[in-house]
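Participant: can't give you the sequence, but here's the structure:
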Ligand SMILES: CC(=O)CC(=O)SCCNC(=O)CCNC(=O)[C@H](O)C(C)(C)COP(=O)(O)OP(=O)(O)OC[C@H]1O[C@@H](n2cnc3c(N)ncnc32)[C@H](O)[C@@H]1OP(=O)(O)O
Ligand SMILES: NC(=O)C1=CN([C@@H]2O[C@H](COP(=O)(O)OP(=O)(O)OC[C@H]3O[C@@H](n4cnc5c(N)ncnc54)[C@H](OP(=O)(O)O)[C@@H]3O)[C@@H](O)[C@H]2O)C=CC1
């Protein structure tokens, strides 16, 4: 199967990055969100990233315009009626994702693959909301999408081999590196990363050290590009909490209990960089 037309659902930090790399690789992309202003914000971010590429001489202004011309704004899921692949990057919530996938199943052509960029939720359960579970797959990009090389590809229980192959091939077309994993909560990436971030939050909560000291230990001592609290702010504290809850519910093991400080910040609306305040404050 040949993928030409892609729809990306959710024009937040992940969805806009995914739309950008798909358009840069030559795919025609519909970028969908609930409201026009969210799509506009996503497209403005893409425009800014492409302009930086032009400024740095990695792309001509003409190439930038060609990429932008491959991107179309959408606020109607019915626009999925003409696509070969949907990549869903809406909020990390099973109820919302299941609803989107059930609707997409009715709208998208029979041949279309329905992929989710979920960072932790079971692909098998998302697939069960559709009548085409063999065409549902996890395509987990890393943040920031234009920079990070990995795409974790998650096979649900019913995912067809042919569908896996199409997504693996497409990942390479996007100049990314596919890594295949099975469907368990948090997959590999967030099963390993998020407990480390949660433990860093506990370390702050228990007063072991300041936020700056915790980040410095991991940056200077372990050569991480960002300290865990900065990274949590970068990912989004709501997303971090959803992931910890998925691990906690999915494995039923207390070692995955989310830190109360993380819950408190999310309740306060301190979601990290995207809202201007998390562990740190941002302009
Ligand atoms: C939660 C999940 O489900 C899974 C996840 O995604 S977990 C998160 C995974 N991501 C990480 O762990 C990121 C860790 N951080 C890093 O790797 C680095 O700090 C970083 C790549 C984000 C920034 O790198 P840096 O060297 O500190 O900063 P900087 O020099 O400003 O940026 C390096 C390049 O990345 C680009 N970049 C940085 N942030 C960007 C963004 N949000 N969008 C697009 N490009 C970006 C910069 O423009 C720069 O590119 P140039 O080559 O044009 O200069
Ligand atoms: N942040 C990260 O580092 C990573 C996140 N992910 C995953 O990607 C997904 C998106 O995360 P991220 O981009 O960070 O989140 P953001 O909050 O930045 O963006 C989510 C976007 O989806 C929109 N949205 C919510 N519900 C719907 C819907 N029903 N239809 C269309 N759009 C909708 C939101 O609108 P509104 O603001 O109105 O809610 C928002 O614009 C999540 O599943 C997350 O787990 C995966 C890898 C890394």
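Facilitator: Looks like it came in fine. On a predicted model such as this, the values are computed, not experimentally measured, just so you know. Ligands and ions are numbered 1, 2, ... in the order given.
Participant: Please make it C-alpha for all contacts and neighbour counts, starting now.
Facilitator: Will do.
Participant: Show me what counts as buried in stretch 142-159.
Facilitator: Going by neighbour count (16 or more other CA atoms under 10 Å), the buried part of stretch 142-159 is 142-143, 145-146, 149-159.
Participant: Give me the distance between the helix or strand where residue 221 lies and the centre of its chain.
Facilitator: Element membership of residue 221, judged by DSSP states H and E, is helix 211-222. The chain centre lies 25 Å from the centre of helix 211-222; the measure is CA atoms, centre = their mean, to the nearest Å.
Participant: for the following helix or strand past that helix, packing partners?
Facilitator: Per DSSP H and E, the first helix or strand lying C-terminal to helix 211-222 is helix 228-235. Judged by 3 or more CA pairs under 8 Å, 6 or more residues apart in numbering; DSSP states H and E, helix 228-235 is in contact with helix 189-205, helix 211-222.
Participant: what's the closest of those helices to residue 14?
Facilitator: Nearest to residue 14 among the helices and strands packed on helix 228-235 is helix 189-205; the distance by CA to CA comes to 15.5 Å.
Participant: mind listing the helices for the stretch 1-150 of the chain?
Facilitator: Assigned by DSSP state H, counting those that start in this stretch, the stretch 1-150 of the chain shows helices spanning 13-24, 36-55, 61-69, 94-107, 123-127.
Participant: if we compare those helices, which one ends up closest to ligand 2?
Facilitator: For the helices of the stretch 1-150 of the chain, proximity to ligand 2 was assessed by CA to the nearest ligand atom; helix 13-24 is nearest, at 3.7 Å.
Participant: chain center to the closest one, what's the gap?
Facilitator: Per CA atoms, centre = their mean, the centroid offset for helix 13-24 relative to its chain is 10 Å.
Participant: Stretch 163-172 now?
Facilitator: Using CA atoms, centre = their mean, the offset of stretch 163-172 from its chain centre is 17 Å.
Participant: which parts of it are buried?
Facilitator: Buried positions in stretch 163-172, judged by neighbour count with 16+ other CA under 10 Å: 163-164, 167-168, 170-171.
Participant: avg pLDDT for that stretch?
Facilitator: Average pLDDT, stretch 163-172: 98.
Participant: Same question for stretch 207-222.
Facilitator: Across stretch 207-222, pLDDT averages out at 98.
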